[in-house]
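Novice: just need the structure, nothing else, for what follows:
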Amino acid sequence: MSSAVGDITFRPRKILAIKLRSMGDTVLMTAPLAQLREAFPDAQIHVAVTAQWATLLQNHPAINRLWPVERHRDKLSRAKAIARTALKLRRENFDCAFNFHASPSSATLAFASGARVRSIHFHGHKAKNQYSTVTVPGKGTLKPVIERDMDTLRALNLTIPEGLLPQLHLRPGEMNNAFNKLQKMSLPRPILAVGLGSSRPTKCWPVDRYAQLSADWHSKTGGGVVVITGPGEEALHISFFEALGGRGKAAPIHAPEVRELAAVLSQCSAFVGNDSGPKHAAVAVQTPTVTLFGPEHPFEWHPYSREQHPYFFVEALKCRQDGMAGMPPWCALEVCEKEEHRCMRLTEPGPVLEECLRVMRKMD
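Specialist: Take a look at the predicted model:
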């Protein structure tokens, strides 16, 4: 397939795709990558992503080569890492670069790659698309995150349908290993995966609610619960098992390698958790999900059908006072004291359990 860019017909031989963001963003990137491969089946597609999450994209049929990029906290180290990667990428002679959900550093990387055609999309509604050689459609329009990433492709006049989902490609051996791992934990089926963490405390449903939900899951189904926590979330792990108090059957998986996490999720009947990377990974391995939203509105960050992937969100709370005019209000607090975290506490375990039972995948 070719794409019209300006007055010429563009058939890229070598493409660079960039997204230097979080785990969830990396999972979501798989949807536009699949469309990129469909549009240009004969092109070489290289992908630059945050090193911590790069293995999630292994085995993806759209990708010819992965470029893991270290994301350092301090600006000098981050700039040096971008410069080193840019020098290597420039030698590849890319015809085209797509930068999904750009940042200043990733936009610089796309520019420095030397690609003649660059579709660089800053998702910020008022941010300029720095270094882009094409006009990205839909700028300033509120859209689900996948659709905004797809606009980066639509900038080259590619026809991309709406409503596409991310997909992780696991090997049979990885899924077998995950099955065996759960077997060794002696967890009865059906297994509910519980994700306790998120990017900040105010996005987390209270641990005691997860404990009650897990006990009720066992009471209703006879099944077990696998409890997932990430680096730095040891306190959540300890608090959960203290609150559970021996009710039901639960086993922990703390800070798994990301492909191992995806494989474990593929073996579960459902996932319940906060708005987080593991939620998106569950969707991408076709496991139904139930998500607890609080400070942030689901519209942008939950681009999924509510039939298979329902969520809970308390509407119209006046304490959500951040966000631009005309956009859904949200709250940027790391800790909520004044309102006592009511955006999450107003959701009780009972209705969440009902949704988990409704979407549960029947597995033999």
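Novice: CA atoms for contacts and neighbours, from now on please.
Specialist: Fine.
Novice: just give me the neighbour total for Leu158.
Specialist: 18 (other C-alpha atoms under 10 Å).
Novice: with Lys279 instead?
Specialist: Residues near Lys279, counting by other C-alpha under 10 Å: 28.
Novice: surely it and Ser266 touch.
Specialist: No: Lys279 sits out of contact with Ser266 when judged by C-alpha atoms under 8 Å, with a separation of 11.7 Å.
Novice: what about stretch 306-315, distance to the chain center?
Specialist: Put simply, stretch 306-315 sits 17 Å off its chain's centre (C-alpha atoms, centre = their mean, to the nearest Å).
Novice: helices along the stretch 151-300 of the chain, start to end?
Specialist: 172-184, 207-221, 234-244, 258-266, 277-284, 298-301 (DSSP state H, counting those that start in this stretch).
Novice: okay, the ones you listed, which one's buried deepest?
Specialist: Neighbour counts averaged per stretch over those are highest for helix 277-284, at a mean of 26; criterion: mean count of other C-alpha atoms under 10 Å.
Novice: packing partners of that one?
Specialist: Packing partners of helix 277-284 (3 or more C-alpha pairs under 8 Å, 6 or more residues apart in numbering; DSSP states H and E): helix 23-28, helix 258-266, strand 270-274, strand 289-292.
Novice: give me the neighbour count for Ala110.
Specialist: 29.
Novice: sorry, back to before: now tabulate the helices and strands packed on helix 277-284 in JSON lines and tack on mean pLDDT and distance to Arg65.
Specialist: JSON lines is the format used below for the helices and strands packed on helix 277-284 (pLDDT from 0 to 100; distance: least, C-alpha to C-alpha, whole Å):
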{"stretch": "helix 23-28", "mean pLDDT": "98", "distance to Arg65": "15"}
{"stretch": "helix 258-266", "mean pLDDT": "98", "distance to Arg65": "18"}
{"stretch": "strand 270-274", "mean pLDDT": "98", "distance to Arg65": "31"}
{"stretch": "strand 289-292", "mean pLDDT": "98", "distance to Arg65": "31"}
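Novice: redo these as a markdown table? Include distance to Ala107.
Specialist: Output for the helices and strands packed on helix 277-284, formatted as a markdown table (distance: least, C-alpha to C-alpha, whole Å):
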| stretch | distance to Ala107 |
| --- | --- |
| helix 23-28 | 16 |
| helix 258-266 | 26 |
| strand 270-274 | 30 |
| strand 289-292 | 32 |
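Novice: tell me which element Ala107 falls in.
Specialist: Per DSSP states H and E, Ala107 falls inside helix 104-112.
Novice: what's in contact with that helix?
Specialist: For helix 104-112, the surrounding residues in contact (C-alpha atoms under 8 Å, 6 or more residues apart in numbering) are 18-20, 79, 82-83, 85-87, 90, 97-99, 118, 120, 130-131.
Novice: any chance of a PyMOL selection covering the buried ones in these?
Specialist: For the buried members of those, the matching PyMOL selection, counting by 16 or more other C-alpha atoms under 10 Å, is:
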select buried, resi 18+19+20+79+82+83+85+86+90+97+98+99+118+120+130+131
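Novice: restricted to helices, list the contacts of helix 104-112.
Specialist: 79, 82-83, 85-87, 90 (DSSP state H).
Novice: between the helices and strands packed on helix 277-284, which one is closest to Gln35.
Specialist: Gln35 lies closest, by C-alpha to C-alpha, to one member of the helices and strands packed on helix 277-284: helix 23-28, at 12.4 Å.
Novice: helices or strands up against the closest one?
Specialist: Packing partners of helix 23-28 (3+ C-alpha pairs under 8 Å, 6+ apart): helix 277-284.
Novice: what mean pLDDT does stretch 353-364 have?
Specialist: Average pLDDT, stretch 353-364: 90.
Novice: report the distance from that stretch to the chain centre.
Specialist: For stretch 353-364, the distance to the chain centre is 22 Å (C-alpha atoms, centre = their mean).
Novice: can you start the count at 493 instead of 1 from here on
Specialist: Sure, I'll start numbering at 493, so the last one becomes stretch 845-856.
Novice: what comes up buried for that stretch?
Specialist: 845, 847-849, 851-853.
Novice: so which helix or strand takes in Leu528?
Specialist: helix 522-531.
Novice: export the ones in helices among the contacts of helix 596-604 as TSV, with columns for pLDDT and distance to Thr600.
Specialist: Shown next, in TSV, are those (pLDDT from 0 to 100; distance: C-alpha to C-alpha, whole Å):
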residue	pLDDT	distance to Thr600
Ala571	89	10
Ile574	93	8
Ala575	94	9
Thr577	96	11
Ala578	96	9
Leu579	96	12
Arg582	97	12
